Each structure stands twice: as structure tokens, then as C-alpha cells.
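**Q** Generate a structure from the sequence data that follows.
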Amino acid sequence: MPVDLLIPILMLLVLCAAAWKRLPMYDLFVEGAKSGLRTAVQILPNLAAMLCAIQLMQSSGLMDALCGLCAPLLQKTGLPAQTAPLVLIRPLSGSGALAMLKDLLDRYGADSRAGLIACTLMGSNETIFYTVCVYMSAVGQKNTGYAIPCSLLGALAGVWLAGMLF
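**A** Alright, predicted model coming up:
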């Protein structure tokens with residue numbers, strides 16, 4: 001079966017199952033769309049604030065200063081200095097990291113060592129602080145315990161391995 005047909009077939013199976021169970025498909029779809037829009041509206045201010053903060057860091061030169069401090073350490077782990085902004089932004093913002101990745105790929109190319117490492121970093125790390133915040137909010141916990149230190153340790157392991165593999 002071609003991969004292009006996977007999503008349409010899956011949607012058809014869901015519709016057939018809903019029809020078999022005699023569920024109000026349109027009403028359920030509209031309710032799900034409303035819920036998705038509510039979630040998007042709730043997340044949008046946080047996303048805008050994060051993107052503004054990242055842009056301010058870049059415009060003010062703070063990002064360059066932090067990257068300058070981190071570059072020697074990253075080079076000792078085998079990472080090119082060009083990936084420092086991505087390493088710093090990825091735990092904070094997925095959108096910001098994606099913008100950094102695009103910039104890096106435009107500048108150095110997807111087949112360059114920096115491009116390969118940047119893509120590996122994007123795939124091997126998570127937006128730690130956002131994810132921990134969402135998960136802890138979902139279970140009603142304010143104390144993150146070992147979640148953030150362990151997540152940061154895992155992210156550092158991914159960064160180190162990315163430098164060693166390429």
C-alpha cells in the first residue's frame with residue numbers, strides 16, 4: 001500500500017467505525033474542532049511571548065554572547081560552533097528551534113556537517129520546559145522533582161551523541 005493513501009484510508013476507517021456505532025460524526029467533528037481552537041487560543045500568548053523573547057535575545061546580542069561562551073565547550077564535544085544557537089533554543093522553544101534550523105540549513109546546507117548535526121539535534125531533543133510545564137499542569141503538580149534535571153541530562157546526552165556520530 002502506498003504511503004500516500006495511509007491517511008485517507010485511516011480517515012475512511014474511522015468514519016466507517018463511527019457509522020457502524022451510529023455516532024453523530026458531524027457533531028463530534030465540530031466539538032473536536034472547537035476544543036482544538038480553544039487550545040490554540042490558550043497556547044498562542046505563550047508562544048508569542050517565547051518568540052518575542054528569542055527575537056530580543058538575538059537582536060540584543062545576548063544570543064551571540066551566550067553562543068560565544070558555549071562554542072568552546074561544544075567544540076570539545078565535537079559539535080561545530082554554528083549549532084550553539086540551536087542547542088540553547090531547543091529546550092525552550094520548538095518554533096524558535098525550527099527557525100534556527102531553517103536559518104542554519106539555508107546558510108550551510110543540509111548535507112554539511114553542521115546541517116546533519118542540527119537535524120539530529122532537532123530529532124533527538126525536546127522542548128523540555130514547555131513539555132514539563134504541560135505535563136505537570138495536566139496532573140496538577142507544581143513540584144517538578146527530577147523531571148527537569150533528568151530531561152536536561154537526556155538532552156545533553158543527545159547533544160553529545162550528535163557530535164560524536166557525525
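
**Q** just the helices in the protein please.
**A** Assignment of helices within the chain using DSSP state H yields the ranges 6-20, 25-60, 62-76, 84-89, 94-108, 113-124, 128-139, 147-165.

**Q** Quickly, which of those helices bottoms out on average pLDDT?
**A** Within the helices of the chain, the least confident segment by mean pLDDT turns out to be helix 128-139, at a mean of 75.

**Q** residues in contact with it?
**A** Residues from elsewhere that reach helix 128-139 (C-beta atoms under 8 Å, 6 or more residues apart in numbering): 91-94, 142, 144, 147-148, 151-152, 155. Every residue, glycine included, has its C-beta placed from N, CA and C.

**Q** Could the C-alpha coordinates of stretch 139-148 be exported in PDB?
**A** Coordinates of each C-alpha in stretch 139-148 appear next as PDB, following Å, rounded to 0.1, in the frame of the first residue of the first chain:
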ATOM      1  CA  VAL A 139      -1.600  16.200  36.600                       C
ATOM      2  CA  GLY A 140      -1.900  19.200  39.000                       C
ATOM      3  CA  GLN A 141       1.700  19.200  40.200                       C
ATOM      4  CA  LYS A 142       3.800  22.300  40.900                       C
ATOM      5  CA  ASN A 143       6.900  20.500  42.000                       C
ATOM      6  CA  THR A 144       8.700  19.000  39.000                       C
ATOM      7  CA  GLY A 145      11.000  16.900  41.200                       C
ATOM      8  CA  TYR A 146      13.700  15.300  39.000                       C
ATOM      9  CA  ALA A 147      11.800  15.900  35.700                       C
ATOM     10  CA  ILE A 148      13.800  18.900  34.600                       C
END
